[in-house]
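**Q** got a predicted structure plus its sequence, pasted below:
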Amino acid sequence: MIETISDILQHIRDFLWNYILVFILLGTHLYLTFALKVPQRHLLKSIRYYFPKKDKSSGEISQFSALMVSLASNVGVGNITGVAVAVAMGGPGAIFWLIITGFLGMSTRYAESLLAIRYRVQDKDGNISGGPMYALERGMKCKWLAVLFAIFTAIAAFGIGNIVQAHTIAKTLTESTLNIPATVTGGVLTLLVAGVLIGGLKGISRACSALVPTMALIYLLGCGILLAVNYAYIGPAFALIFEQAFTGSAATGGVVGSAIILAMREGASRSLFATEAGLGSAPIVSAAVKTANPVQQALVAYTAPFWTVIICTLTGVTLTTVFTAEGHADAANFDMLDAFNTLGGIGSILLTISLSAFAISTLLGWSYFGEKSLEYLGGRKLITPYRALWVVAVFVGCVIPESSIAWNFSDVANGLMAIPNLICVLVLSGLIIKETRYYLKDNNLDKVDTSEIPVIDEKK
């Protein structure tokens, strides 16, 4: 019975991600990139706004803190294990299409983050809320789609954002040279998460601001060592990636055309899943930012997919370099654990720390997305019981047996979030283009938007 349910969910997930979302998301990415006249060209300008000189608007956290929470949710274990799967299925050429898709996805993240600021609200105590559900309700006047988005987000949060991440941490530490029991990991992780959640969004942002740069540096160190040891194969690895992006991998079998399509599909779907551009989760935290105007925050927010793609690309290049150096014909049976194990014990430890840190950061980031979704559905009275349930789910995720049902169910809910969000972005694209023209094209990026954040009554 369980296997049947898992198989059904897997078929739904594969169909949703490989045949529906890959085209809808890519289409939206392309449309917005051209409609907004390639906003990616302002990347360096965006980075300069990570640390503005002063707070210019109402909000709860800084633009940099919001970026770290966004990255925390984006840069999870999928950026390591998922990329390896994409390379195994689509060949090294999938990495090229991952990069292209991630670059285009910056436009969609820009658009959805702009809407999050434009349609955010606050309660009488100054607590700010925003995201696709508020843009759908206030901008599109479509309450039922807003409710659907919030429901899908709440479900996805407990799955892909909690239980799956907690289980990955426990499994990684148990199977590592440290050999830490799952119950011990569960107990420690539960206490750590509970301590962070007590501080609310500010506590989460502080933890992510410390954790995200640290975990990135540790992972960069590990990949850097692998590339240095195998430096003679870096050039051939890049050549293989570009060659197979347009010729396909011999390991995939079939004619060249089908192999190229497979490489494109695997790279694009992994990029869409990893960056979460268009899913609507990251704009929830963008709404709480102190920023001069919607476009300024949108520019900062759209750098998250850029950094996520950098991590994914590093993973793919390192994997391809090492399996080429090791003399493997393809990457079908070679993953990052195999690559790091070539360094001996130190490699295993570096990967263990990286995987655990990636999973913890995702767990913290998604806790806020789920919280705000439930708050939208039932008010702030749900926050305390939600946090208690979230902490319990962390321990459960660590100790339950591995099951594909959790992954598949979470992936389905994660994908369904995108549909209401993309409808909202496309319907309100005229407003997005207008705001972009005024603040960005007309050089008003530092101008303060004096519009007051609407105060709404507490939901009963």
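**A** Structure's in. What do you need?
**Q** how close does the residue nearest to the spatial centre of the chain get to residue 68?
**A** Closest residue to the average C-alpha location of the chain: residue 74 at 2.1 Å, with C-alpha atoms, centre = their mean. Distance, residue 74 to residue 68, using C-beta to C-beta, to the nearest Å: 11 Å. To be clear about C-beta, it is placed using only N, CA and C from the backbone, and glycine gets the same treatment.
**Q** the stretch 51-200 of the chain: strands as residue ranges?
**A** For the stretch 51-200 of the chain, the strands defined by DSSP state E, counting those that start in this stretch cover 121-122, 128-129.
**Q** now the last one: average pLDDT?
**A** This points to strand 128-129. Strand 128-129 carries an average pLDDT of 88.
**Q** the first one too?
**A** Here the mean pLDDT over strand 121-122 is 90, rounded to a whole number.
**Q** just how off-centre is it within its chain?
**A** From the chain centre to the centre of strand 121-122 is a distance of 25 Å (C-alpha atoms, centre = their mean, to the nearest Å).
**Q** against which helices or strands is that strand packed?
**A** When contacts are defined as 3 or more C-beta pairs under 8 Å, 6 or more residues apart in numbering; DSSP states H and E, strand 121-122 sits against strand 128-129.
**Q** neighbouring contacts of the strand it packs on?
**A** By C-beta atoms under 8 Å, 6 or more residues apart in numbering, the surrounding residues in contact with strand 128-129 are 58-60, 120-123, 287-288, 372, 375-376, 453.
**Q** rerun at 10 Å
**A** Outside of strand 128-129, the residues that reach it under the criterion C-beta atoms under 10 Å, 6 or more residues apart in numbering are 58-61, 116, 120-123, 201, 284, 287-290, 372-373, 375-376, 380, 453, 456.
**Q** quote the end-to-end distance of stretch 33-49.
**A** End-to-end distance for stretch 33-49: 21 Å, by C-alpha to C-alpha, to the nearest Å.
**Q** so what sits against both of residue 74 and residue 68?
**A** 212, 304, 361, 365.
**Q** sitting in helices, which of the contacts of strand 128-129 do you find?
**A** Among the contacts of strand 128-129, DSSP state H puts 116, 201, 284, 372, 373, 375, 376 in helices.
**Q** of the residues you listed, which qualify as buried by neighbour count?
**A** 116, 201, 284, 372, 373, 375, 376 (16 or more other C-beta atoms under 10 Å).
**Q** and the gap between the nearest residue to the third one once chain neighbours are set aside and residue 162?
**A** The reference is to residue 284. When the adjacent residues along the chain are set aside, residue 284 lies closest to residue 131, with 3.7 Å between them (C-beta to C-beta, 6 or more residues apart in numbering). Per C-beta to C-beta, residue 131 is found 19 Å from residue 162.
**Q** show me what contacts the residue nearest to the centre of the chain?
**A** Taking C-beta under 10 Å, 6+ apart, one finds 109, 212, 273-277, 279, 281-282, 304-305, 307-309, 311-312, 358, 361-362, 365 in contact with residue 74.
**Q** let's go with 6 Å and repeat that
**A** Going by C-beta atoms under 6 Å, 6 or more residues apart in numbering, residue 74 touches 275, 276, 304, 308.
**Q** same thing with residue 339?
**A** By C-beta under 6 Å, 6+ apart, the contact list for residue 339 reads 319, 322.
**Q** just the helices from the stretch 51-200 of the chain, written as ranges.
**A** Listed in chain order, the helices of the stretch 51-200 of the chain (DSSP state H, counting those that start in this stretch) span 63-74, 81-90, 93-118, 132-134, 143-158, 164-175, 182-198, 200-229.
**Q** same thing with the stretch 201-350 of the chain?
**A** Going by DSSP H, counting those that start in this stretch, the stretch 201-350 of the chain shows helices at 234-247, 256-275, 283-286, 294-301, 303-325, 336-341, 345-378.
**Q** so after the last one, what's the next helix or strand?
**A** Right, helix 345-378. Per DSSP states H and E, the first helix or strand lying C-terminal to helix 345-378 is helix 383-399.
**Q** please save the CA atoms from that next one in PDB.
**A** Extracted C-alpha coordinates of helix 383-399, given in PDB (Å, rounded to 0.1, in the frame of the first residue of the first chain):
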ATOM      1  CA  ILE A 383       1.900  31.100  15.500                       C
ATOM      2  CA  THR A 384       2.700  29.600  18.900                       C
ATOM      3  CA  PRO A 385       1.100  26.200  18.200                       C
ATOM      4  CA  TYR A 386       2.700  26.200  14.800                       C
ATOM      5  CA  ARG A 387       6.200  26.700  16.200                       C
ATOM      6  CA  ALA A 388       5.600  24.000  18.800                       C
ATOM      7  CA  LEU A 389       4.500  21.600  16.100                       C
ATOM      8  CA  TRP A 390       7.500  22.600  13.900                       C
ATOM      9  CA  VAL A 391       9.900  21.700  16.700                       C
ATOM     10  CA  VAL A 392       8.300  18.300  17.300                       C
ATOM     11  CA  ALA A 393       8.400  17.600  13.500                       C
ATOM     12  CA  VAL A 394      12.200  18.300  13.600                       C
ATOM     13  CA  PHE A 395      12.700  15.400  16.000                       C
ATOM     14  CA  VAL A 396      10.300  13.100  14.200                       C
ATOM     15  CA  GLY A 397      12.100  13.800  10.900                       C
ATOM     16  CA  CYS A 398      15.400  12.800  12.500                       C
ATOM     17  CA  VAL A 399      14.200   9.400  13.900                       C
END
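**Q** and the contacts of stretch 105-112?
**A** By C-beta under 6 Å, 6+ apart, stretch 105-112 touches 28-29, 32-33, 36, 39-40, 275, 277-278, 283, 298, 301-302, 305-306, 425, 432.
**Q** if we use 7 Å, what do you get?
**A** Outside stretch 105-112, the residues that touch it by C-beta atoms under 7 Å, 6 or more residues apart in numbering are 28-29, 32-33, 36, 39-40, 132, 271-272, 275, 277-278, 280, 282-283, 298-299, 301-302, 304-306, 421, 425, 432.
**Q** my guess is residue 203 contacts residue 196. True?
**A** Yes - the pair residue 203 and residue 196 qualifies as a contact (C-beta atoms under 7 Å) at a distance of 5.0 Å.
**Q** looking at these two, which one has more neighbours?
**A** Between residue 203 and residue 196, counted using other C-beta atoms under 10 Å, the more crowded position is residue 196 (21 against 15).
**Q** hang on, the earlier thing: just put the buried ones among the ones in helices among the contacts of strand 128-129 in JSON lines and tack on pLDDT and distance to residue 344.
**A** Shown next, in JSON lines, are those (pLDDT from 0 to 100; distance: C-beta to C-beta, whole Å):
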{"residue": "116", "pLDDT": "94", "distance to residue 344": "46"}
{"residue": "201", "pLDDT": "79", "distance to residue 344": "41"}
{"residue": "284", "pLDDT": "92", "distance to residue 344": "42"}
{"residue": "372", "pLDDT": "92", "distance to residue 344": "44"}
{"residue": "373", "pLDDT": "93", "distance to residue 344": "44"}
{"residue": "375", "pLDDT": "91", "distance to residue 344": "48"}
{"residue": "376", "pLDDT": "92", "distance to residue 344": "50"}
